[in-house]
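In: What shape does this take:
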Amino acid sequence: MSVIKKQIDQEFVQSHFPGLKSKWTFFDNAGGSQTVAGAIEKITDFLTHRDVQIGGTYDVSLAAAEALMDGRKAVQLLVNADRAEEIVFGHSTTALVQILANSMRSQFVEGDEIIISVADHESNIGPWDRLREFGVKIKFWPIDQETFELRLEDLAALMTDRTKLVCVHHVSNILGQVNPVADYARFVHEHGAKICVDAVAYAPHRAIDVVAWDVDYYVFSMYKCFGPHTAVMYGKYDLLSELDGQYHYFYGKDKVPGKLEPGNPNYELAYSTVGVVDYLIALGEHVGGTGTPREKLEAAYNAITEREDELTNQLLTYLNGRNDCRVIGPDKNVASTRVPTISFKLDNLDSNDVCKKMDSFDIAIRFGDFHARRLVENLGEQGAGGVIRVSMVHYNTTEQVDSLCKALDEITSNNLAA
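Out: Got it, this is the predicted structure:
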């Protein structure tokens, strides 16, 4: 792996994101990040020069098919998959997990069990929970209320010889803590089950290695990872082959991954992923990464982690220094195990009101349960507008965090004065 020789240059980074020219400070990146210029250029290129259906013998159709395959290869590199055919495109993580659940349904018989983390986004809960109507038993893996961890001993207590699948998040979009999915996968496989990982809140922040972690299915949204509104699912090729098709009846078992992309993927958005990966490789080179494209990508994520640690620690230090604030999730970033998605509540203040007042400072944050309603209710934090969430990525700056902190000081002082 390449070694970082210098830190991220914000001028270099921000020059790649045209949306950052806005007056707004975007601290709602877990809801949707800004789109890198290279992805926008790929969309324009496709719609200008390749805007036809694939499958034809003529040059433009062949160019369209090449663009789609280039998109698969880009995501293959991003997640370190063995084959480009292991990459499935879809509208969103929610849609892809629903497709996966539908295509796995015939693999379950009455009495089989699926275990789901209670801390997951509803995208990785609802599609599986709906299999109850076919006799599948759903169990919830609880979260430790003090450490906010998902413990293997708690999972072990739920596992039986009827457990077929475990669904879990790599990072909670509320708690921000990185879970050890390789440990989870090893444990689940030892017990004869498969694992499906929601990686939406992880993918923008750390390098992905589906082979090293030995995960079966791994799903995330590109629109939260510097691309447009599309999503990707990795699945082991043999497992994808076993799934029931969701396309026309003549898309057989060997039609991987097309049988899981009903109506075909959005070609221009699939192609745009090339621009996202190209940017990450360029960032890796900029911070001193050398070697293969994968090594440069890993160098980029090492630099991203270093940068985001700085932002995370800065905001946590401020929040922990207040006597009227509770951080929801780990309040320290131990050994880079926390991403800069930070949720909190302020005493005697409605989270909705705080966010609305923050709008006047041109700082975009958000409140609520973020479609992780079961977790927020489990923690008893659903009242007073739910939680406030500040979600940062590597293009944010320490100066922006300072502005956020000053704005929070002003909002709360004005509230006390009132």
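In: what sits against Ala185?
Out: Neighbouring residues of Ala185 by CB atoms under 8 Å, 6 or more residues apart in numbering: 195, 213-216. For glycine as for every other residue, the C-beta is placed from the backbone atoms N, C-alpha and C.
In: Assumed it was part of a strand.
Out: No - counting by DSSP: H, G, I helix; E, B strand; the rest coil, Ala185 is not part of a strand but helix.
In: quick one on the thing from earlier: what's the farthest-apart pair in the contacts of Ala185?
Out: Trp213 and Asp216 (10.1 Å; CB to CB).
In: Please report how far Asn102 lies from Lys345.
Out: Distance of Asn102 to Lys345, computed by CB to CB, to the nearest Å: 37 Å.
In: And those two? Which one has more around it.
Out: Lys345 (22 against 16; other CB atoms under 10 Å).
In: residues contacting the more buried one?
Out: Lys345 is in contact with 325-326, 328, 351, 381, 384, 387-388, counting by CB under 8 Å, 6+ apart.
In: Out of the residues you listed, which comes closest to Glu11?
Out: Taking these together and measuring to Glu11 by CB to CB, the closest member is Ile388, at 30.1 Å.
In: Look up phi and psi at the closest one.
Out: When quoted as degrees, to the nearest 10, the phi and psi of Ile388 stand at phi -90, psi 140.
In: Beta-bridge partners for it, please?
Out: Phe344, Phe367 (DSSP bridges).
In: Identify the residues contacting it.
Out: 343-346, 351, 354-355, 365-367.
In: what does Asp362 give?
Out: With contacts defined as CB under 8 Å, 6+ apart, Asp362 is in contact with 23-25.
In: any low-confidence regions in the stretch 301-418 of the chain?
Out: Scanning the stretch 301-418 of the chain for pLDDT under 70 picks out the ranges 415-418.
In: Strands along that one, start to end?
Out: Secondary structure of the stretch 301-418 of the chain, counting by DSSP state E, counting those that start in this stretch: strands at 325-328, 341-346, 363-364, 366-368, 387-391.
In: Would you format these as a markdown table with distance to Ser61 included?
Out: Converted to a markdown table, these look like this (distance: least, CB to CB, whole Å):
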| stretch | distance to Ser61 |
| --- | --- |
| strand 325-328 | 51 |
| strand 341-346 | 42 |
| strand 363-364 | 41 |
| strand 366-368 | 42 |
| strand 387-391 | 40 |
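In: quick one: contacts of the least confident helix or strand in the chain by mean pLDDT?
Out: One helix or strand of the chain scores below all others by mean pLDDT, DSSP states H and E: helix 398-417, with a mean of 89. Contacts to helix 398-417, defined as CB under 8 Å, 6+ apart, come from residues 25, 27, 310-311, 314-315, 318, 324, 346, 349, 354, 357-358, 361, 363, 365, 390, 392.
In: which of these are buried?
Out: The neighbour-count criterion (16 or more other CB atoms under 10 Å) marks 25, 27, 310-311, 314-315, 318, 346, 349, 354, 357-358, 361, 363, 365, 390, 392 among those as buried.
In: returning to that earlier point: how far does the least confident helix or strand of the chain sit from the chain's center?
Out: Relative to its chain's centre, helix 398-417 lies at 29 Å (CA atoms, centre = their mean, to the nearest Å).
In: Let's see the pLDDT reported for Lys6.
Out: You'll see Lys6 listed with a pLDDT of 70.
In: same deal with Gly252?
Out: 83.
In: Would you agree Leu240 is in contact with Leu260?
Out: Yes - if you go by CB atoms under 8 Å, Leu240 and Leu260 touch, sitting 6.9 Å apart.
In: hey, what's in contact with both of these two?
Out: With CB under 8 Å, 6+ apart, Leu240 and Leu260 have common neighbours Val88.
In: So what would you say the end-to-end distance of stretch 116-125 is?
Out: This stretch, stretch 116-125, spans 6 Å end to end (CA to CA, to the nearest Å).
In: Name the SS class of the residue most central in space within the chain, please.
Out: Closest to where the C-alpha atoms of the chain average out (CA atoms, centre = their mean) is Val200, at 1.3 Å. Put simply, Val200 is coil when judged by three-state DSSP.
In: Now do the same contact list for it.
Out: Contacts of Val200 (CB under 8 Å, 6+ apart): 93, 121, 123, 169, 173, 219-221, 224.
In: ok, so what distance separates it from Val97?
Out: 10 Å.
In: list the residues that contact both of the two?
Out: Common neighbours of Val200 and Val97, using CB under 8 Å, 6+ apart, are 123, 219.
In: same for the longest helix along the chain, what does it pack against?
Out: Under DSSP state H, the helix in the chain containing the largest number of residues is helix 293-320. Helix 293-320 sits against helix 59-79, helix 267-286, strand 325-328, strand 341-346, helix 398-417, with contacts defined as 3 or more CB pairs under 8 Å, 6 or more residues apart in numbering; DSSP states H and E.
In: partners of the next helix or strand after the first one in the sheet?
Out: Of the helices and strands lying after helix 59-79 in sequence (DSSP states H and E), the nearest is strand 87-90. Take DSSP bridges as the rule and strand 87-90 pairs in its sheet with strand 231-235 (antiparallel).
In: mean confidence score for the partner strand?
Out: The model assigns strand 231-235 a mean pLDDT of 98.
In: Compute the inter-axis angle for that strand and helix 59-79.
Out: Angle of strand 231-235 versus helix 59-79, following axes from the mean of the first three to the mean of the last three CA atoms, to 10 degrees, is 70 degrees.
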